[in-house]
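Let me see the structure of the following:
(4 chains)
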2 protein chains.
Amino acid sequence: MKVTYEELTENIKSKGLKATQQRLEILKFVAESHIHPDAMEVFEKLKPSMPSISLDTVYRTLWLLAKHGLISTVGFPCERAKFDGNLKPHHHFICTICGTIYDLYDENLDKIPVPESINNIGEVTTTQIEIKGLCNKCRNTITN
Amino acid sequence: MKVTYEELTENIKSKGLKATQQRLEILKFVAESHIHPDAMEVFEKLKPSMPSISLDTVYRTLWLLAKHGLISTVGFPCERAKFDGNLKPHHHFICTICGTIYDLYDENLDKIPVPESINNIGEVTTTQIEIKGLCNKCRNTITN
DNA sequence: GTATCTGCAAAAATTTTGCAGGACG
DNA sequence: CGTCCTGCAAAATTTTTGCAGATAC
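Numbering: from 1, shown residues only, chains lettered A, B, ... in the order given. All right, here's what the predicted structure looks like:
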């Protein structure tokens, strides 16, 4: 999806951030791409047209944009690999502040119908609902 | 949930793996815990009762157990932080072999009813379906 | 006994941070 | 022009790897 620099500039400024060249290019690439890039991929894509850009700016900018909701992260934010020994069907609620993962059992969620279009992509092994939000513990901390 | 060493031993051997002390303890901890631990947390938990265990064994063992389906990973396996500039409601299919993430649009999935029990945990901001499986590209590679 | 597995140490890969100079508004 | 932002370099963190000795079966 093509986006204009005017839109991008406005989006960035609406969050009270400065619309620098680097931010515009990083946001443009992520917004227009469908590859769910990581920091290194963004860096390598921009490097040719912006030789002076540095990887740490890409990291800082991506997290900044994510924090302000201009982009999002796939899966859970800021995670190291986490493991789960619970093999029964269940779903997850994760708090975007503290990162705690809560298990969720619900028969209706277990029965989510997978859309037919999935056959064009591949073969399903598991389906899980991942709900992001703010846990009560963190909500209380903030209101204090 | 308590599990016996007999069960654990059997599970590990059923995959053609050797049931070593380290593997039994690692699997026992992950299977019985509800904290979705990362490698470091497993390591620190086992260290007192198993002073000689090393962190790299924990890493190797966790991925090995995950590969054989005795445990699973939360979210997507093996990931660096990935970013998504697509702000329209959508869901994800990820190939567990190549890691490619495909976007999935489906109105029915957008309307998943969040269970009431969520109120005991926290406040929802987003709900996404994350489907894991084997993409057609990788399926073809394997059959070759 | 033999193949598999572990611990050690070191390396690789990934991400974060402090600071001086530069750019935006 | 002042504040916020970037690039550089270095550090911190997280994860992987090679190898010799140990262990399961």
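
now the strands for chain A?
Applying DSSP state E to chain A gives strands spanning A:72-73, A:83-84, A:91-95, A:101-104, A:122-135.

Tabulate these in JSON lines, adding columns for mean neighbour count, distance to chain B and mean pLDDT.
For glycine as for every other residue, the C-beta is placed from the backbone atoms N, C-alpha and C. Converted to JSON lines, the strands of chain A look like this (neighbours: other C-beta atoms under 10 Å in any protein chain shown; distance: least, C-beta to the nearest C-beta, whole Å; pLDDT from 0 to 100):
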{"stretch": "strand A:72-73", "mean neighbour count": "19", "distance to chain B": "5", "mean pLDDT": "92"}
{"stretch": "strand A:83-84", "mean neighbour count": "22", "distance to chain B": "5", "mean pLDDT": "94"}
{"stretch": "strand A:91-95", "mean neighbour count": "22", "distance to chain B": "5", "mean pLDDT": "93"}
{"stretch": "strand A:101-104", "mean neighbour count": "18", "distance to chain B": "5", "mean pLDDT": "94"}
{"stretch": "strand A:122-135", "mean neighbour count": "19", "distance to chain B": "4", "mean pLDDT": "93"}
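
Check which residues of the lowest-mean-pLDDT helix or strand in chain A are buried.
The helix or strand of chain A with the poorest confidence is helix A:136-143; it has a mean of 79 (mean pLDDT, DSSP states H and E). Across helix A:136-143, burial judged by 16 or more other C-beta atoms under 10 Å in any protein chain shown covers residue A:138.

Which positions in chain A make contact with DNA strand D?
Applying C-beta under 7 Å from any atom of the strand, we find that chain A lies next to DNA strand D at A:17-18, A:20, A:22-23, A:50, A:52-54, A:56-57, A:60-61, A:80-81.

Filter those down to the ones in helices?
A:22-23, A:56-57, A:60-61 (DSSP state H).

In ChimeraX, select just the buried ones from the residues you listed.
A single ChimeraX command suffices to select whichever of these are buried according to 16+ other C-beta under 10 Å:
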select /A:22,23,57,61
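
In a markdown table: the ones in helices among the residues of chain A next to DNA strand D, plus pLDDT and distance to DNA strand C.
Shown next, in a markdown table, are those (pLDDT from 0 to 100; distance: C-beta to the nearest atom of the strand, whole Å):
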| residue | pLDDT | distance to DNA strand C |
| --- | --- | --- |
| A:22 | 98 | 9 |
| A:23 | 98 | 9 |
| A:56 | 97 | 3 |
| A:57 | 98 | 8 |
| A:60 | 98 | 6 |
| A:61 | 98 | 11 |
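
Mind picking the two most distant members of the ones in helices among the residues of chain A next to DNA strand D?
A:23 and A:56 (13.9 Å; C-beta to C-beta).

Tell me, domain by domain, which residues of chain A belong where.
A:5-67, A:91-143 (automatic domain parsing).

Of the ones you listed, give the one that comes closest to residue B:7.
Per C-beta to C-beta, nearest to residue B:7 of the domains of chain A: domain A:91-143, 20.8 Å.

how far does that closest one sit from the chain's center?
Remark: domain A:91-143 is offset 14 Å from the chain centroid, using C-alpha atoms, centre = their mean, to the nearest Å.

try stretch A:39-56
Centre-to-centre, stretch A:39-56 and its host chain are 19 Å apart (C-alpha atoms, centre = their mean).

okay, how far is it across it, tip to tip?
9 Å (C-alpha to C-alpha, to the nearest Å).

Indicate the residue of chain A located nearest to DNA strand D.
The minimum distance from chain A to DNA strand D, using C-beta to the nearest atom of the strand, falls at residue A:57 (3.2 Å).

Output the below-cut-off pLDDT ranges for chain A.
For chain A, applying pLDDT under 70 flags the ranges A:78, A:142-144.

what's the residue closest to the geometric middle of it?
residue A:73 (1.0 Å; C-alpha atoms, centre = their mean).

Surely it is in contact with residue A:66?
Yes - counting by C-beta atoms under 8 Å, residue A:73 does reach residue A:66; the two are 5.5 Å apart.
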